[in-house]
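Participant: coordinates only, sequence not included:
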């Protein structure tokens with residue numbers, strides 16, 4: 001059987017396993033093992049454990065459970081609510097300030113926790129009820145939180161970026177820095193849309209009132225004294241200091257990414273113990289259990305994805321696919337659009353972790369040959385995968401929002417997130433036109449360390 005036929009069979013078996021409802025890790029592992037039995041020497045089965053271990057024996061991957069610990073410690077405290085309250089107190093005078101406050105709170109929390117679902121849950125549990133109480137439409141409120149949560153895989157420390165660094169053999173510190181500019185760009189776009197949508201809903205509510213209808217809570221004018229604003233800061237500043245300290249340790253060259261992750265985890269545990277009194281075993285054990293469960297699940301997916309990629313490489317599927325793409329002689333931008341379209345389609349079925357590890361051997365060589373900077377592409381690919389977190393049918397953040405706000409119809413949540421999907425597409429276009437938004441910070445740091 002030819003390589004092309006095996007490749008199509010491999011893709012078909014993978015799709016079938018995914019659609020069967022088998023957990024992703026087991027689906028990828030089962031397909032990889034089946035093809036090892038049929039198409040590879042029998043002795044290869046004896047080295048499965050060794051191959052998986054060798055693929056995962058990366059010091060960079062060690063940082064993942066430690067960053068998960070940091071995110072779990074922050075996510076299971078009241079840090080999200082406190083952060084949201086502080087943002088709201090300082091931004092309430094801006095039109096749509098409540099929505100913008102949620103966007104900023106999501107960005108800061110994502111930078112501390114590094115997890116999209118944790119950000120959605122922590123900020124959304126406080127932000128969605130408050131926005132709805134103040135007259136925001138359910139879909140608008142849900143869309144802000146779902147989209148804001150996606151920043152967790154772009155802003156450092158991003159687990160997705162860690163995996164991309166491993167798959168592409170790029171500098172993790174450079175990737176982290178490259179995500180900051182685009183992350184701020186997305187925050188600005190989300191905030192601008194929130195302001196526009198708020199004005200639209202405010203105008204509609206005002207028109208209803210002028211026609212003699214009921215007054216919407218969105219028309220109310222809240223006031224916070226300066227004392228009330230400053231009273232929100234003491235519980236937030238320590239976490240901002242945590243974020244700053246971790247970034248300084250990493251980019252100042254004082255610690256490796258893995259050491260920084262350990263430092264962040266310990267500091268997060270220390271802060272929630274000092275601020276919220278979470279230090280007893282019964283309080284800390286749920287954090288440790290959640291960390292263990294999420295780390296085990298994620299590392300199992302990573303291990304099976306690496307085994308899946310190893311089988312592709314052994315059977316020359318990834319090399320042949322990359323060669324076929326190069327042979328098509330597509331222009332660089334057509335090649336980029338085609339690959340990003342593939343990532344979007346894969347986002348219908350797969351989480352970012354699997355997309356990166358499965359596609360990297362195929363798509364990165366042609367992109368590198370076409371002259372694209374792989375750090376820049378890592379950011380663009382991450383934003384594309386962010387879209388997968390909030391678009392149907394398998395948008396993870398959509399179902400997180402549905403879980404914390406079960407009375408909001410799923411259709412309203414989906415329609416509320418679609419404008420943010422379009423904003424992400426706009427951000428990708430901007431990054432293609434102005435790639436310096438991504439690369440100026442890594443290049444600046446590189447220039448200062450020479």
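Facilitator: The structure has been received and is ready for your questions. For clarity, every value in this text was computed on a predicted model and none was experimentally measured.
Participant: CA only for contacts and neighbour counts going forward, please
Facilitator: Will do.
Participant: Which residue, other than its chain neighbours, is closest to the spatially most central residue of the chain?
Facilitator: Nearest to the geometric centre of the chain sits residue 153, at 2.3 Å (CA atoms, centre = their mean). Excluding its sequence neighbours, the residue lying closest to residue 153 (CA to CA, 6 or more residues apart in numbering) is residue 160, at 5.7 Å.
Participant: Name the SS class of the one you found, please.
Facilitator: With DSSP: H, G, I helix; E, B strand; the rest coil as the basis, the three-state label of residue 160 is helix.
Participant: and what of residue 372?
Facilitator: coil.
Participant: picking up where we left off before, what's the distance between the residue nearest to the centre of the chain and residue 352?
Facilitator: 9 Å (CA to CA, to the nearest Å).
Participant: okay, and the common contacts of those two?
Facilitator: Common contacts of residue 153 and residue 352, defined by CA atoms under 8 Å, 6 or more residues apart in numbering, comprise 160, 382.
Participant: Over to residue 215: give its phi and psi.
Facilitator: Torsion angles at residue 215 (phi, psi; degrees, to the nearest 10) stand at phi -80, psi 130.
Participant: what about it, how many neighbours?
Facilitator: Look at residue 215: counted by other CA atoms under 10 Å, it has 15 neighbours.
Participant: who's in contact with it?
Facilitator: By CA under 8 Å, 6+ apart, the contact set of residue 215 is 205-206, 208-209.
Participant: Need the per-residue pLDDT for it.
Facilitator: Note on residue 215: pLDDT of 77.
Participant: residue boundaries of the helices in the stretch 351-450 of the chain?
Facilitator: According to DSSP state H, counting those that start in this stretch, the stretch 351-450 of the chain carries its helices in the segments 352-369, 374-390, 396-404, 410-433, 436-449.
Participant: With distance to residue 338 added, can I get those helices in JSON lines?
Facilitator: Below are the helices of the stretch 351-450 of the chain laid out as JSON lines (distance: least, CA to CA, whole Å):
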{"stretch": "helix 352-369", "distance to residue 338": "10"}
{"stretch": "helix 374-390", "distance to residue 338": "12"}
{"stretch": "helix 396-404", "distance to residue 338": "24"}
{"stretch": "helix 410-433", "distance to residue 338": "14"}
{"stretch": "helix 436-449", "distance to residue 338": "21"}
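Participant: My understanding was that the residue nearest to residue 153 contacts residue 382; is that so?
Facilitator: Yes: the criterion here is CA atoms under 8 Å, and residue 160 meets it with residue 382 at 7.5 Å.
Participant: between the two, what contacts are shared?
Facilitator: Contacts common to residue 160 and residue 382, judged by CA under 8 Å, 6+ apart, are 153-154, 352.
Participant: Output these in CSV, with distance to residue 430 appended to each entry.
Facilitator: Compiled in CSV, the shared contacts of residue 160 and residue 382 are given as follows (distance: CA to CA, whole Å):
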residue, distance to residue 430
153, 19
154, 16
352, 22
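Participant: Could you check how many residues crowd around residue 419?
Facilitator: 17.
Participant: Now for residue 78: which residues touch it?
Facilitator: Residue 78 sits next to residue 276 when contact means CA under 8 Å, 6+ apart.
Participant: next SSE after the top helix by length along the chain?
Facilitator: Longest among the helix segments of the chain by residue count, using DSSP state H, is helix 172-210. Counting by DSSP states H and E, the element after helix 172-210 in chain order, helix or strand, is helix 226-231.
Participant: mind listing what's buried in that following helix?
Facilitator: With burial defined by 16 or more other CA atoms under 10 Å, the residues of helix 226-231 counted as buried are residue 229.
Participant: Contacts for it next, please.
Facilitator: With CA under 8 Å, 6+ apart as the criterion, helix 226-231 contacts 86, 89-90.
Participant: let's see it at 6 Å
Facilitator: Helix 226-231 is contacted from outside by residue 89, using CA atoms under 6 Å, 6 or more residues apart in numbering.
Participant: can you give me the mean pLDDT across whichever helix or strand comes after that helix?
Facilitator: Downstream of helix 226-231, the first helix or strand assigned by DSSP H and E is helix 237-251. Helix 237-251 shows a mean pLDDT of 78.
Participant: how far off helix 172-210 does helix 237-251 point, in degrees?
Facilitator: 150 degrees (axes from the mean of the first three to the mean of the last three CA atoms, to 10 degrees).
Participant: Give me the buried stretch members for helix 237-251, please.
Facilitator: 238-240, 242-243, 245-247, 249-251.
Participant: of the residues you listed, closest to residue 194?
Facilitator: residue 240 (24.1 Å; CA to CA).
Participant: From residue 113, how far out is the closest one?
Facilitator: Applying CA to CA to residue 240 and residue 113 gives a distance of 12 Å.
Participant: Residue 317 now?
Facilitator: With the distance defined as CA to CA, residue 317 ends up 37 Å from residue 113.
Participant: So between the two, which is more surrounded?
Facilitator: Set side by side, residue 317 and residue 113 show more neighbours around residue 113, with 31 against 23, by other CA under 10 Å.
Participant: secondary structure element for the closest residue to that one other than its chain neighbours?
Facilitator: Spatially, and ignoring its direct neighbours in sequence, residue 113 is nearest to residue 71 (3.7 Å; CA to CA, 6+ apart). In this assignment (DSSP H and E), residue 71 forms part of helix 63-75.
Participant: name the helices or strands packed onto that helix?
Facilitator: Secondary-structure packing of helix 63-75 (3 or more CA pairs under 6 Å, 6 or more residues apart in numbering; DSSP states H and E): helix 257-276, helix 281-314.
Participant: any idea how far that helix is from the chain center?
Facilitator: Computed by CA atoms, centre = their mean, to the nearest Å, the chain-centroid distance of helix 63-75 equals 14 Å.
Participant: check contacts around residue 195.
Facilitator: With contact taken as CA under 6 Å, 6+ apart, residue 195 is in contact with 95-96.
Participant: Buried ones in stretch 5-17, by neighbour count?
Facilitator: Quick answer for stretch 5-17 (16+ other CA under 10 Å): 6-7, 10, 13-14, 17.
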